[in-house]
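Enquirer: need coordinates for the below:
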Amino acid sequence: MMLAGKQGLSVMVFSTDESTNKAVICAGVPEKGDKGKLDVGEWLSNALGPLKGRCGKGKGGLATGQVSY
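Expert: Residues are numbered from 1 along each chain as shown. Take a look at the predicted model:
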């Protein structure tokens, strides 16, 4: 995520745990680039909405969430 931030790119990374049937999601919006245009908490919330996931508001351009499947 640090490399994407240096390039001014927003990223969302998903990691799954098949033993618990959960996925953890981390989203990041860099200081330069999309941050003024894209709220990381809103972006993650909209991405997780159809999956019935949940997430925090985010802080400092970073937010995390989780989904049960």
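Enquirer: in the longest helix that the chain contains, what's buried?
Expert: In the chain, ranked by residue count with DSSP state H as the criterion, the top helix is helix 40-48. Buried residues in helix 40-48, defined by neighbour count with 16 or more other CB atoms under 10 Å: 40, 41, 43, 44, 45, 47, 48. (Glycine included, C-beta is placed from N, CA and C.)
Enquirer: one more: stretch 8-24?
Expert: By neighbour count on 16+ other CB under 10 Å, the buried set for stretch 8-24 is 10, 12, 23.
Enquirer: excluding chain neighbours, what is closest to residue 48?
Expert: residue 65 (5.1 Å; CB to CB, 6 or more residues apart in numbering).
Enquirer: ok so, going back, so can I have CSV of the buried residues of stretch 8-24 showing distance to residue 60 and pLDDT?
Expert: What follows is these, written out as CSV (distance: CB to CB, whole Å; pLDDT from 0 to 100):
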residue, distance to residue 60, pLDDT
10, 14, 91
12, 16, 96
23, 23, 97
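Enquirer: dump these into JSON lines; add secondary structure and distance to residue 30 as well.
Expert: Compiled in JSON lines, those are given as follows (DSSP: H, G, I helix; E, B strand; the rest coil; distance: CB to CB, whole Å):
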{"residue": "10", "secondary structure": "coil", "distance to residue 30": "7"}
{"residue": "12", "secondary structure": "strand", "distance to residue 30": "13"}
{"residue": "23", "secondary structure": "strand", "distance to residue 30": "23"}
